[in-house]
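**Student:** Please find the sequence and the predicted model below.
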Amino acid sequence: MKFVLIFGSQAAGKMTVGQELEKRTELKLFHNHMTIDLLAPIFGFNPEMWRLVNLFRKEIFESVAKSDMEGLIFTYVWGFDLQEDWDYVNNICGIFESRGGTVYFVELEADLEERLRRNKSPNRLEHKPTKRNVEWSEKELKASIEKHRLNSHEGEIKKEQYIKINNTDLSAAEAAQFIKERFNL
């Protein structure tokens, strides 16, 4: 079982790279907005929505981990300044590792100007309904820079199976191919 965790700031290309990686491997993509966009229209962005998002994700991770699937790609915005995010990542990785799975860490980073451009891309808007209010989404993207640290410091991630990619000038296909080759997926 393989678990590929693609993380980085909003609009760094996590879902799009995940889509391309899914095309090149036997892994299935479970991007973070699949649960957010299911529940936000019902609950809004409130604690109950986040409780259910985390519950649904945990159940999905556990089902995949005990299945005969090749593996899963999951995308996540990781606040490196938030202990609860570190705990969450450790918990979800533990679900796969406890069953003998291998976890691969893929960190994406892109320049702000490129992220703002990607925030309006047709693919993003098609697959993430809560991002269709582009004015709100852009405001949230910019505010997150002030609130949280969304990329790691050098040496902070100590996993053997880890890569950091600045994909500002890379296509999603190029990034996915690099990930596939680097981890022999």
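**Tutor:** Structure's in. What do you need? Quantities reported herein were computed from a predicted structural model and do not represent experimental measurements. Numbers count the residues shown, from 1 in each chain.
**Student:** Mind giving me the packing neighbours of the lowest-mean-pLDDT helix or strand in the chain?
**Tutor:** For the chain, counting by mean pLDDT, DSSP states H and E, helix 122-127 ranks last in confidence among helices and strands (a mean of 82). With contacts taken as 3 or more Cβ pairs under 8 Å, 6 or more residues apart in numbering; DSSP states H and E, helix 122-127 sits against helix 14-24. For the C-beta atoms, the positions are set from N, CA and C on the backbone; glycine is no exception.
**Student:** neighbouring contacts of the helix it packs on?
**Tutor:** 4, 6-8, 27-29, 31-33, 73, 75-77, 106, 108, 118, 121, 123-124, 127-128, 167, 172-173, 175-177, 179-180, 185 (Cβ atoms under 8 Å, 6 or more residues apart in numbering).
**Student:** buried residues in the least confident helix or strand of the chain?
**Tutor:** Residues of helix 122-127 classed as buried: 124, 127 (neighbour count, 16 or more other Cβ atoms under 10 Å).
**Student:** Which stretches in this structure count as helices?
**Tutor:** Ranges of helices in the chain, per DSSP state H, are 14-24, 33-43, 47-65, 83-97, 112-118, 122-127, 134-147, 172-183.
**Student:** mean pLDDT lowest for which of those?
**Tutor:** Mean pLDDT per stretch puts helix 122-127 lowest among the helices of the chain, at a mean of 82.
**Student:** OK, contacts around the residue nearest to the spatial centre of the chain?
**Tutor:** In the chain, the residue lying closest to the centroid (Cα atoms, centre = their mean) is T75, at 1.5 Å. T75 sits next to 6-7, 14-15, 18, 29-32 when contact means Cβ under 8 Å, 6+ apart.
**Student:** what's across from it in the sheet?
**Tutor:** I6 (DSSP bridges).
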